[in-house]
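Asker: Sequence first, then the predicted structure:
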Amino acid sequence: MEGSGTGDDAASAMAPIAKWKSDFSRTFQFCLDRSTPHLTERWLGTLAIAAIYVLRVYLLQGFYIVSYGIGIYILNLLIGFLSPKVDPELELEHLDEVSLPTRGSDEFKPFIRRLPEFKFWYSITKAFCIGFLMTFFSIFDVPVFWPILLFYWIALLVLTMKRQIMHMIKYKYIPFSTGKQRYTEKKTAPTGTSSAIH
């Protein structure tokens with residue numbers, strides 16, 4: 001009997017925490033949903049967060065390994081952002097799914113990313129926020145020679161983007177879709193019709 005009473009006490013003590021967590025999660029999701037159409041404002045906010053992080057790392061003269069980790073993570077996200085949802089190489093295996101048009105006569109299909117823009121933005125913002133929090137703990141300040149990390153990251157960026165651009169050229173796609181191209185015909189007045197009407 002006493003054991004069940006203790007369990008009830010623990011459950012009743014956890015109930016307000018669970019309610020608060022649920023309310024916070026719901027409010028946070030509501031704010032995220034409201035921010036979805038505000039593309040420019042979202043990215044400006046992320047740029048501000050990134051600038052604060054860079055300033056903190058610069059002033060502390062440390063946490064370069066955290067910065068390197070964020071850089072590698074962003075590079076990985078960028079690959080997903082620039083890649084089509086269905087790889088054209090595997091298109092034959094996924095005929096029922098949405099794919100890129102391969103011929104000029106194919107119906108227009110917008111470019112569908114493997115990683116949508118909103119998730120790309122959210123992941124980058126979250127990475128900088130977590131990185132900023134990590135700068136408050138000296139355990140993450142591993143002493144490294146940062147120019148080597150920077151050189152290695154730039155080399156990875158160049159090699160990865162070269163491979164991605166070659167993939168785009170090979171399968172003739174552009175990772176930015178502006179919608180279906182519309183052609184307008186010039187309407188010219190037929191000659192000689194005005195005299196026939198009079």
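Answerer: Everything's here; your move. Residues are numbered from 1 along each chain as shown.
Asker: From now on I want contacts and neighbour counts done on CA atoms only, so please keep to that.
Answerer: OK.
Asker: OK, contacts around the residue nearest to the spatial centre of the chain?
Answerer: Centroid check for the chain by Cα atoms, centre = their mean gives F120 as the closest residue, at 1.0 Å. With contact set as Cα atoms under 8 Å, 6 or more residues apart in numbering, F120 has these partners: L77, L78, F81.
Asker: could you dump those residues to CSV with distance to G131, neighbour count and secondary structure?
Answerer: Shown next, in CSV, are these (distance: Cα to Cα, whole Å; neighbours: other Cα atoms under 10 Å; DSSP: H, G, I helix; E, B strand; the rest coil):
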residue, distance to G131, neighbour count, secondary structure
L77, 16, 19, helix
L78, 18, 17, helix
F81, 21, 20, helix
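Asker: which SS class is V142?
Answerer: Secondary structure, DSSP: H, G, I helix; E, B strand; the rest coil: V142 is coil.
Asker: Walking through this protein, point out its helices one by one.
Answerer: Assigned by DSSP state H, the chain shows helices spanning 2-35, 39-60, 64-82, 117-134, 146-171, 193-197.
Asker: what about F118, distance to W43?
Answerer: 10 Å (Cα to Cα, to the nearest Å).
Asker: do I74 as well
Answerer: In terms of Cα to Cα, I74 sits 14 Å off from W43.
Asker: So, low pLDDT: which residues of the protein?
Answerer: In the predicted model, the chain carries pLDDT under 70 at residues 1-11, 13, 91-110, 177-198.
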